[in-house]
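Colleague: Structural data only, the sequence is not supplied:
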């Protein structure tokens, strides 16, 4: 598993685990993150224990090994996290809730995601951070690999998908239609003035109160 923080949310005196971690009660707070990691050989939530081994083949073993050797500090950190005892994991929780009591919390399995390792001409293999859109040459199939996209990346990713998977439609009418909703779609020369204007337009569209950036 890649380094991925677990999240807990506390509502009305009850906390529920988000993406795994400890679940407890009697806490006061809102949203916060912890640092417990785990490991699974299943690539999907309901996959098979042998899933991981099907991804390691003679043709990519050197790529995976190269990526690992270039990230030894990360590998060392993850190994220590995987070997951590329940007491040590709870100590991490208490960094955020110092008054938490062990008997009020239960350790839950964390959510999971697969880390992307890519072949590289110079480095043989590299660890890919964030997300990456992969589209077949004929545009008939596409996949989003890596971390889960958030609000800041979802729109650019979908725009890239439309460009790569539907080039004819994109250069036909789609680009102009989407540009009406995203006026600065192709802008690259961002300045303080254009950023301020974009914020003002967004505030007006969403009914938000303007915020000074000074």
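Modeller: Received, thanks. This is a predicted model, so every value here is computed, not measured.

Colleague: Could you point out the helix or strand that follows the lowest-mean-pLDDT helix or strand in the chain?
Modeller: Using mean pLDDT, DSSP states H and E, strand 31-33 stands out as the lowest-scoring helix or strand of the chain, at a mean of 33. Counting by DSSP states H and E, the element after strand 31-33 in chain order, helix or strand, is helix 51-54.

Colleague: What average pLDDT does that next one get?
Modeller: Helix 51-54 comes out with an average pLDDT of 79.

Colleague: For the chain, just list every one of the strands.
Modeller: Secondary structure of the chain (DSSP state E): strands at 7-11, 14-18, 21-24, 31-33, 105-108, 116-120, 124-128, 131-135, 142-146.

Colleague: Least confident of those strands, on average?
Modeller: For those, where the average pLDDT is lowest is strand 31-33, sitting at a mean of 33.

Colleague: what's the burial count for residue 140?
Modeller: 8 (other C-beta atoms under 10 Å). C-beta: built from backbone N, CA, C; applies to glycine.

Colleague: separation between it and residue 62?
Modeller: 30 Å (C-beta to C-beta, to the nearest Å).

Colleague: Who are the contact partners of residue 124?
Modeller: Residues near residue 124 by C-beta atoms under 8 Å, 6 or more residues apart in numbering: 62-63, 66.

Colleague: repeat that for 10 Å
Modeller: If you count contacts by C-beta atoms under 10 Å, 6 or more residues apart in numbering, residue 124 has them with 62-67, 69-70.
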